[in-house]
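**Q** Coordinates for the following, if possible.
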Amino acid sequence: MLIVVLLLAIIYTTIHITAVQTWIAKDVTGRLSNELHTKVSIQHIDIAFFDNLLLNNLLIEDLHKDTLLYAGTARVSIIDWFFLKDKPVLKYIGLEDAVVNMVRTDSVWNYQFIADYFSGGKKDTSAKGGIEIDLKIVQLKNIHFRRIDQWVGQDMHAGVKELSLYADDIDLAKKRISLNTLNLDAAYFSFSDYTGKRPHQPAKKDTIHIIEPYKWNNDGWILHVKNIHINNSVFTNDKETLDRAPYTDNH
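**A** A predicted model of the protein is given here:
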């Protein structure tokens, strides 16, 4: 037993050496960059007893080399001694001073390659590498979020001073999110509609026009929240209107 304790102490001390942490950061970002086929960089990484990672100046680019995610500080919890596992399991994410940019100018979002990577639907489960997601807690501070949909013509700008999320189940493959509790403090949400780039498709004759059920959720995501608390938050909605003839009293 003493030997095991000494071995763990040596490993724990070793991974806190600056040179070792630099090597780990390069190894982690190198793997993700190769698997995602884009730039992933971390300025500094700190490991707290193997399963908790602290990342400084995290940057993830999309496939067009534009910023998809930047976080001044990112904390993640990866269970089951991640460095000994083929597929570590992600349980917790915390972001501070972060910017998220979700953009599409055609039918494909700039984050789709990451969704495909984590959904695992088309991946060989026997292959090594990759990360499984079983998120239970998400905590955000000073976050700015942009969702620019030039294809449909619907944009969303959002931000929050502080957010805490406690999940029962998050399934990216099935587009299903079940939350136990969601807390928002000093959040803002701004929506705008305008004419998008998607070609207009005239309805065929002798067919029934089916109205899409959700204005902002035509991808079919299912979100269930048991408890939600919102404090000091703002919501705005700006809808594009067509030019109208001036009003007169003549009827």
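**Q** which residues touch stretch 149-165?
**A** 103-107, 137-148, 179, 181-198, 215-216, 218, 240 (CB atoms under 8 Å, 6 or more residues apart in numbering). For glycine as for every other residue, the C-beta is placed from the backbone atoms N, C-alpha and C.
**Q** which of those residues are buried?
**A** 103-104, 138-143, 145, 147-148, 179, 182-184, 187-189, 191, 193, 196 (16 or more other CB atoms under 10 Å).
**Q** Point out where this structure drops to low pLDDT.
**A** 1-2, 4-18, 20, 48-51, 79-89, 120-132, 201-219, 240-251 (pLDDT under 70).
**Q** So which bits of the lengthiest helix in the chain are buried?
**A** In the chain, taking DSSP state H as the definition, the longest helix is helix 18-36. Neighbour-count burial for helix 18-36 flags Q21, I24, A25, V28, T29, L32, L36 (criterion: 16+ other CB under 10 Å).
**Q** What sits closest to the second one if chain neighbours are left out?
**A** Of all residues beyond its chain neighbours, the one nearest I24 is I45 (5.8 Å), with distances taken as CB to CB, 6 or more residues apart in numbering.
**Q** for K91, same thing?
**A** S77 (4.8 Å).
**Q** how about the strands of the stretch 101-250 of the chain, start to end?
**A** 132-149, 154-171, 176-193, 222-231, 234-239 (DSSP state E, counting those that start in this stretch).
**Q** From A74, how far off is the residue nearest to I24?
**A** 10 Å (CB to CB, to the nearest Å).
**Q** what do you get for N232?
**A** Taking CB to CB, one finds N232 at 25 Å from A74.
**Q** of these two, who's got more company?
**A** Using other CB atoms under 10 Å, the more surrounded residue of N232 and A74 is A74, with 21 against 10.
**Q** Partner strands of the strand or helix carrying the more buried one and their direction?
**A** Here A74 sits within strand 67-79, counting by DSSP states H and E. Paired strands of strand 67-79, with direction, are strand 52-61 (antiparallel), strand 89-104 (antiparallel) (DSSP bridges).
**Q** quick one: it to helix 18-36, angle?
**A** 120 degrees (axes from the mean of the first three to the mean of the last three CA atoms, to 10 degrees).
**Q** now strand 67-79 against strand 132-149, angle please.
**A** Using the same axes, to 10 degrees: strand 67-79 against strand 132-149 is 160 degrees.
**Q** dump the residue contacts of the closest residue to S233 other than its chain neighbours.
**A** Excluding the flanking residues, the one nearest S233 by CB to CB, 6+ apart is A187, at 4.1 Å. Listed by CB under 8 Å, 6+ apart, the contact partners of A187 are A158, G159, V160, K161, L163, I230, N232, S233, V234.
**Q** Just give me the neighbour total for the second one.
**A** Spelled out, it's G159. 21.
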